[in-house]
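> sharing a model that was predicted from the sequence below.
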Amino acid sequence: MRRILLTSALSAALGIVGLTGCEKENAGVEQTEVAGPTRIRDAVRLAGKVQPVTQVDLKSEVSGRIRKLHAREGDSVSRGQLLVELDPEPFQLKVDRAAIVVDRAKLALGTAQRNLERAKPLIQTGSVSTDAVQDLEVALAKAQLDLRDAELNLRETRKDLGYSRIAAPMRGRLIALDVEEGEMVAAATSMSGGTAMGTVADPRKMKVEVEVGELDFPRLKQDMEVEVSSEALAKPLKGRVTFISSSAKASTSSGSSSIQVFPVEVEVSDNKGLVPGLTVAVDFLFLDKKVDVAVPYSAIRTGKRKGSAMVTVRGSDGKAVPKEVKTGVTDYRNTEILEGLAAGDTILAARTEKTAGASSRPSGGPPGR
């Protein structure tokens, strides 16, 4: 009986020792960090498309068939340089017909003038009545109007003939040419708005068009700095916000009409490596600040008082002591400490659970600033 009791007591003691060891193992490993200076940077990365700041679409003032293309896509062009030539024959025929009408009107005007000049002296003799002379004066006035109308029509047909030669509207680069020789083009004044034959752009200044979501829109500011990057660029480029739309529109990139975005334009000062149509990443720098004292965001806990924050400090004696601090800006990786800590202080950042096989996630949201 005594042996049984002794064995039971020994087993119970071993069980307690085993439980205590398990609890120590589950207690986890504390991770410490040293408070110190850092750079707190809060940026949102969005995709954007590069476009020239100044570009003009090529459209014809008249409809016709393309006879010849005098430039290729990618060519540098000067203002007034011939780019597209339409078949001039239909327009030349109209000019020739209009010129005939002008000549006919001139003949009619000469006849009316002679008839009036002959009739006026005959009023004194009674051979011609006053009413007849007045009719001849009206006929002369009509002949003058007919000649003026014919001359205006000739002028218009000559302009159309000139419009058959489409020139570069500005100095720049022909970044797009979407037509071929022999193709019919519609005039810009037509119901369809005309055929877009190509685009001439000024390559010296580029912008990036970005769609910003509703959550980040209130944080945007005119002239705020951004960074533009791409695998096609040797290094990130500096830019600034030059346009912020005041009204939302449906997103064109998501394919869903329910997603509302705000169009934003970013101008890049250094255009090296940027080409129209290139997709780039745009980092909007909402916060970029160097701070003297900062700790990991995971080390911050909500204090007992409303709006207060707490950290756990590791003292020189090794003991963990909670301490109230005043926080500043955060990028949700690091948080600025305005009061309560000094550079070099050791704080408890997190605890890693061995049995869970993963680090525990800090509880609670960001404390009030």
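Noted; the coordinates are in hand.
> strands of the stretch 201-350 of the chain, residue ranges please.
All strands of the stretch 201-350 of the chain, identified by DSSP state E, counting those that start in this stretch, fall at 206-213, 225-229, 237-244, 249-250, 260-268, 279-296, 301-302, 309-314, 320-330, 334-339, 346-353.
> buried residues of stretch 327-338, list them for me.
327-328, 330-331, 334-337 (16 or more other CB atoms under 10 Å). Every C-beta, even on glycine, is put in place using the N, C-alpha and C of the backbone.
> quick one: the strands of the stretch 201-350 of the chain as JSON lines, columns for mean pLDDT and distance to H70 too.
Output for the strands of the stretch 201-350 of the chain, formatted as JSON lines (pLDDT from 0 to 100; distance: least, CB to CB, whole Å):
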{"stretch": "strand 206-213", "mean pLDDT": "93", "distance to H70": "26"}
{"stretch": "strand 225-229", "mean pLDDT": "91", "distance to H70": "35"}
{"stretch": "strand 237-244", "mean pLDDT": "93", "distance to H70": "35"}
{"stretch": "strand 249-250", "mean pLDDT": "88", "distance to H70": "38"}
{"stretch": "strand 260-268", "mean pLDDT": "93", "distance to H70": "32"}
{"stretch": "strand 279-296", "mean pLDDT": "92", "distance to H70": "32"}
{"stretch": "strand 301-302", "mean pLDDT": "88", "distance to H70": "72"}
{"stretch": "strand 309-314", "mean pLDDT": "90", "distance to H70": "70"}
{"stretch": "strand 320-330", "mean pLDDT": "91", "distance to H70": "58"}
{"stretch": "strand 334-339", "mean pLDDT": "93", "distance to H70": "60"}
{"stretch": "strand 346-353", "mean pLDDT": "70", "distance to H70": "69"}
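> out of those, nearest to D42?
strand 279-296 (3.7 Å; CB to CB).
> about what we covered before: want to throw the strands of the stretch 201-350 of the chain into TSV with distance to G194?
Output for these, formatted as TSV (distance: least, CB to CB, whole Å):
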stretch	distance to G194
strand 206-213	24
strand 225-229	34
strand 237-244	27
strand 249-250	25
strand 260-268	25
strand 279-296	29
strand 301-302	64
strand 309-314	63
strand 320-330	53
strand 334-339	56
strand 346-353	65
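> pull the residues that contact the helix or strand that contains Q124.
Per DSSP states H and E: Q124 is located in helix 122-125. Under the criterion CB atoms under 8 Å, 6 or more residues apart in numbering, residues 128-130, 133 lie in contact with helix 122-125.
> cutoff 6 Å now
128, 133 (CB atoms under 6 Å, 6 or more residues apart in numbering).
> could you do stretch 87-94 as well?
Here stretch 87-94 makes contact (CB under 6 Å, 6+ apart) with 64-65, 67, 157, 160-161, 164.
> of the residues you listed, which is the most crowded?
Within the contacts of stretch 87-94, S164 tops the neighbour count with 22 neighbours, counted by other CB atoms under 10 Å.
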